[in-house]
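sequence? don't have it. structure:
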């Protein structure tokens, strides 16, 4: 189905138009969202982002204004995914577990300088992992932060377990070199 046919359906019957829009662009939106969020947020959040994208498009797209529908849908998908990524990283950086032994961390006698240094090291590590690019950054995060096996990671990123292990080895050597410059 072409963009013009979808636009015609949207003009004549919003229900039929919305169904056609969803059917035609679902895989496109899912691919954009998955590319940005995979390995960082749970799959249910990725699916929620896809649904939010279609909700935004269906509520705000005006078929009479013209322009490329595919570009509009892609832009909304990208922006929603980036916003979810930002919310996720902000939320994970500000969360303190009450079950943790570190609850109430800033007390008399706390070494503030050491805490600040640890934060710098954590930030450097995070930046170095991001600099690896995909799929290496996803592989490292899944292996060392989520304790996943090579076979599980391979299914996630579409590689064999052997290829995942080889990428881990190369990525760790690169991280070691990059972080040696930091320390």
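Arrived safely, thanks for sending. Quick caveat: nothing in here was measured; it's all calculated off a predicted structure.

Contacts for stretch 56-69, please.
The contact list for stretch 56-69, computed with Cβ atoms under 8 Å, 6 or more residues apart in numbering, reads 3, 6-8, 10-11, 17-18, 21, 72-73, 76, 80. Quick note: C-beta positions are derived from backbone N, CA and C, even for glycine.

Counting only helices, which of the residues you listed make the cut?
Among those, the members falling in helices (DSSP state H) are 3, 6-8, 10-11, 17-18, 21, 72-73, 76, 80.

tally of neighbours for residue 83?
12 (other Cβ atoms under 10 Å).

any idea how far stretch 128-135 is from the chain center?
Computed by Cα atoms, centre = their mean, to the nearest Å, the chain-centroid distance of stretch 128-135 equals 13 Å.

Check the average confidence over it, would you?
What stretch 128-135 shows for mean pLDDT is 81.

now swap in stretch 89-99 and tell me
Here the average pLDDT along stretch 89-99 is 57.

Closest one of the contacts of stretch 56-69 to residue 28?
Residue 28 has its nearest neighbour among the contacts of stretch 56-69 in residue 73, at 6.8 Å by Cβ to Cβ.

what's the closest non-adjacent residue to that closest one?
Nearest non-adjacent residue to residue 73, counting by Cβ to Cβ, 6 or more residues apart in numbering: residue 25, 5.0 Å away.

Spell out the residue ranges of the helices in this protein.
Taking DSSP H as the criterion, the chain carries its helices at 3-12, 14-37, 43-60, 69-93, 112-131, 136-144, 150-157, 161-182.

roughly how far apart are the residue nearest the centre of the chain and residue 174?
Geometric centre of the chain, nearest residue: residue 37, 1.6 Å, by Cα atoms, centre = their mean. For residue 37, the distance to residue 174 (Cβ to Cβ, to the nearest Å) stands at 24 Å.
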